[in-house]
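**Student:** I would like the atomic coordinates for the input below:
(chains A and B)
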Amino acid sequence: DTGVSQDPRHKITKRGQNVTFRCDPISEHNRLYWYRQTLGQGPEFLTYFQNEAQLEKSRLLSDRFSAERPKGSFSTLEIQRTEQGDSAMYLCASSLVAIRGRNQSNEQFFGPGTRLTVL
Amino acid sequence: GQSLEQPSEVTAVEGAIVQINCTYQTSGFYGLSWYQQHDGGAPTFLSYNALDGLEETGRFSSFLSRSDSYGYLLLQELQMKDSASYFCAVRGGTGGFKTIFGAGTRLFVKA
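**Tutor:** Have a look, this model is predicted:
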């Protein structure tokens, strides 16, 4: 399977613990996105990378959240000192777009998500 | 900031045509995308409009008016399998690749 994969698919943790999620994008894709989705809502933008560079991070994101894409391939999202409000589906997506692709669709391919439950 | 508005729910019958509207407020607008998401599944890309006008892809069409900050998704010959949530999403931000999604429109297709 050459789609986007995420690991783990489910994570249950206690409040205050740290968690880390992994995303493996489609191999040739240069952009990687992290979103958070709660029931009945659309994906909420968290951050995105172009290759290994983190280009933008949501202002809504607290300092407890950090993401890396060290070699421009897989990415990790870490949440420190989890809170019950962090419970959500965490989605990763990747796309392949030319650097100056203004009119390109930036079609994003989503992974299956990691469902986080904070007790 | 960026915000999008779309109806929360739409109901239609099999074989009918349905239009899902989306209005947006954003800075640095590059284009409007539409995604479909079935319950328990991941969002999948449907269409993208960077310029004004209509884009057609099979039974689905998408329209954009940049001057009105408005777009819509048109679904024709509705099938039961089209029951899903539909999200409009604006592409923008400083570098033009930040994507902000709307809250979604849940479409129910009845027999």
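**Student:** Give me the distance between residue A:6 and residue B:109.
**Tutor:** Taken as Cβ to Cβ, to the nearest Å, the spacing of residue A:6 relative to residue B:109 amounts to 30 Å. Heads up, the C-betas are built off the backbone N, CA and C, glycines and all.
**Student:** try residue A:52
**Tutor:** Taken as Cβ to Cβ, the spacing of residue A:52 relative to residue B:109 amounts to 43 Å.
**Student:** between those two, which one's more packed in?
**Tutor:** Set side by side, residue A:52 and residue B:109 give different neighbour counts by other Cβ atoms under 10 Å in any protein chain shown, the larger being at residue B:109 (20 against 14).
**Student:** give me the element that one is part of.
**Tutor:** Counting by DSSP states H and E, the element that carries residue B:109 is strand B:105-110.
**Student:** what about that strand, distance to the chain center?
**Tutor:** What separates the centre of strand B:105-110 from the centre of its chain is 13 Å, taken as Cα atoms, centre = their mean, to the nearest Å.
**Student:** Up against chain B, what does chain A have?
**Tutor:** A:31, A:33, A:35, A:40-45, A:48, A:50, A:55-56, A:91, A:93, A:97, A:102-103, A:105-113 (Cβ under 8 Å from any Cβ of the partner chain).
**Student:** tally of neighbours for residue A:50?
**Tutor:** If we define neighbours as other Cβ under 10 Å, then residue A:50 has 17 of them.
**Student:** which residues pair with it across the strands?
**Tutor:** Each beta-bridge partner of residue A:50 is listed here, defined by DSSP bridges: residue A:31, residue A:53.
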